[in-house]
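Asks: I'll drop the sequence and a predicted model, then ask my questions.
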Amino acid sequence: MSDPRIVVAGETLVDFIPATPGPLSDVETFARRAGGAPANVAVGLTRLDERPWLCTTLSTDGFGDFLASTLDAEGVPDRFVTRVDRPTALAFVSHDPDGDRRFTFFRDDTADVRLRTDVVDDATLAAAEWVVVGGVTLTDGPARAATFELVDRARDAGCRIAFDPNTRPELWDEDPTATLDRMLSVSDLLKATRDDFAPTTIATGDEFAPQLLDRGPDTVLVTEGAGGARAVASEGAPWGRGEWTHDGYETDVVDATGAGDAFLAGALAAIVDDAGPTETLAFANAVAAVATTAGGAMAALPDRRTVDAFRSSE
């Protein structure tokens with residue numbers, strides 16, 4: 001098998017998914033699920049037959065063992081998976097009746113904060129086309145420095161950088177504007193929602209996507225939930241300058257947790273196969289739509305056959 005074309009770096013944690021909708025105060029039972037946006041993207045890519053490298057740091061505790069076993073069962077290579085004597089980050093999810101969710105994190109000096117990216121060697125980066133990072137590792141000093149270190153080496157090696165802010169305001173002890181702005185300046189592709197930049201003054205109003213292009217990326221993928229998604233690209237983008245939209249698909253939403261991660265996995269899988277913007281949006285929206293029809297972010301990620309069957313039925 002050839003070397004992976006994509007390197008994904010960031011947190012792997014445990015999501016606790018409620019058995020019933022409503023506030024945490026009313027939920028009695030939760031299901032334990034592997035999660036973390038980068039880990040979800042890595043597993044999503046693997047299920048779509050585009051196996052990536054995953055650079056992540058797990059705890060040596062029981063939850064860390066569970067996460068390591070889950071990644072192994074999914075076929076994600078463990079070459080760049082490290083272990084540290086820190087607790088696993090936990091995220092408790094609550095759902096409203098429409099499937100939208102809120103997160104309550106327990107993440108005090110957890111393993112993901114100690115992310116090690118120095119284990120990714122230069123030869124791996126030279127063989128890769130993309131490095132994918134998220135915003136959660138930017139919220140804490142050690143992981144933030146490690147993320148930027150990897151991105152800088154990846155750019156030197158000729159990789160394109162994909163960034164998903166996945167902004168969680170409750171995880172930031174400071175104004176995220178400067179850090180997000182710095183990451184945008186070294187990113188090529190941005191996957192974002194309007195909410196990602198709501199805590200900042202980086203992009204607002206009708207010119208949301210063009211403002212983000214001005215910050216560094218040449219391609220911006222904006223996801224709008226049930227409204228579908230759009231792509232906006234500048235002159236220097238591989239697709240050339242333009243704007244494209246896809247209205248998305250109607251589904252019976254069970255759990256929207258991880259839909260954005262599913263979308264990014266689908267978009268990257270399409271892009272590395274040289275899909276154009278219209279097909280990329282259609283495929284990514286289909287992956288995200290199918291992922292909302294079952295509970296749990298990682299558990300609900302579809303394989304390529306399921307996505308193809310879903311699209312053919314539309």
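Replies: Noted; the coordinates are in hand. Numbering: from 1, shown residues only.
Asks: use CA for all of it now, contacts and neighbours both
Replies: OK.
Asks: how about low-confidence regions in the chain?
Replies: 1, 97-100 (pLDDT under 70).
Asks: and with 80 instead?
Replies: For the chain, applying pLDDT under 80 flags the ranges 1-2, 95-101, 205-206, 254-255, 257, 295-297, 314.
Asks: can you give me the helices for it?
Replies: Residue ranges of the helices in the chain, as given by DSSP state H, are 37-47, 62-73, 122-127, 141-156, 177-185, 208-214, 259-272, 277-291, 304-313.
Asks: tell me which of the ones you listed is the most buried.
Replies: helix 37-47 (a mean of 28; mean count of other Cα atoms under 10 Å).
Asks: only C-alpha atoms, please: export that helix in CSV.
Replies: Provided in CSV are the C-alpha atoms of helix 37-47 (Å, rounded to 0.1, in the frame of the first residue of the first chain):
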residue,chain,number,x,y,z
ALA,A,37,-12.7,16.2,15.5
PRO,A,38,-9.4,15.2,14.0
ALA,A,39,-9.9,11.5,15.0
ASN,A,40,-13.3,11.6,13.4
VAL,A,41,-11.9,13.0,10.2
ALA,A,42,-9.2,10.3,10.2
VAL,A,43,-11.7,7.5,10.7
GLY,A,44,-14.0,9.1,8.2
LEU,A,45,-11.3,9.1,5.6
THR,A,46,-10.4,5.5,6.4
ARG,A,47,-14.0,4.4,5.8
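Asks: for that helix, packing partners?
Replies: strand 6-9, strand 53-59, strand 130-134, helix 259-272 (3 or more Cα pairs under 8 Å, 6 or more residues apart in numbering; DSSP states H and E).
Asks: now for residue 57: which residues touch it?
Replies: Residue 57 sits next to 10, 11, 12, 81, 82, 83, 84, 111, 112, 114, 115, 116 when contact means Cα atoms under 8 Å, 6 or more residues apart in numbering.
Asks: ok, now how distant is it from residue 244?
Replies: 37 Å (Cα to Cα, to the nearest Å).
Asks: and for residue 307?
Replies: Residue 307 is 21 Å from residue 244, by Cα to Cα.
Asks: for residue 303, same thing?
Replies: Taken as Cα to Cα, the span from residue 303 to residue 244 is 25 Å.
Asks: let me know how buried the nearest residue to residue 197 once chain neighbours are set aside is, in neighbour terms.
Replies: Sequence neighbours aside, residue 203 is the residue nearest to residue 197 in space, at 6.4 Å (criterion: Cα to Cα, 6 or more residues apart in numbering). Other residues within reach of residue 203, judged by other Cα atoms under 10 Å, total 19.
Asks: I'd say residue 203 and residue 213 touch.
Replies: No. Using Cα atoms under 8 Å, residue 203 makes no contact with residue 213, being 9.8 Å away.
Asks: on that earlier part again, redo the helices of the chain as a markdown table? Include distance to residue 18.
Replies: Formatted as a markdown table, the helices of the chain follow (distance: least, Cα to Cα, whole Å):
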| stretch | distance to residue 18 |
| --- | --- |
| helix 37-47 | 18 |
| helix 62-73 | 18 |
| helix 122-127 | 39 |
| helix 141-156 | 29 |
| helix 177-185 | 31 |
| helix 208-214 | 34 |
| helix 259-272 | 17 |
| helix 277-291 | 17 |
| helix 304-313 | 25 |
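Asks: which one of those helices lies nearest to residue 250?
Replies: Residue 250 lies closest, by Cα to Cα, to one member of the helices of the chain: helix 277-291, at 7.6 Å.
Asks: so which elements touch that closest one?
Replies: By 3+ Cα pairs under 8 Å, 6+ apart, helix 277-291 packs against strand 229-233, strand 242-246, helix 259-272, helix 304-313.
Asks: so for residue 125, which of those sits nearest?
Replies: The nearest among the helices and strands packed on helix 277-291, by Cα to Cα, is helix 259-272 at 15.4 Å.
Asks: angle of the closest one against helix 304-313?
Replies: 90 degrees (axes from the mean of the first three to the mean of the last three Cα atoms, to 10 degrees).
Asks: what does helix 259-272 contact?
Replies: 5, 37-38, 40-42, 44-45, 48, 50, 191, 223, 279-281, 283-289, 291-292, 297, 301.
Asks: same deal with stretch 237-255?
Replies: Contacts of stretch 237-255 (Cα under 8 Å, 6+ apart): 95, 98-100, 218-219, 226-235, 276-278, 281-282, 285-286, 289-290, 292-297.
Asks: whichever of the residues you listed end up buried, select them in PyMOL.
Replies: Only the buried entries of the contacts of stretch 237-255 go into this PyMOL selection, using 16 or more other Cα atoms under 10 Å:
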select buried, resi 95+99+100+218+219+228+229+230+231+232+233+234+277+281+282+285+286+289+290+292+293+294+295+296+297
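Asks: ok, back up a step: any chance of the helices and strands packed on helix 277-291 in CSV, plus distance to residue 69?
Replies: Output for those, formatted as CSV (distance: least, Cα to Cα, whole Å):
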stretch, distance to residue 69
strand 229-233, 34
strand 242-246, 37
helix 259-272, 21
helix 304-313, 23
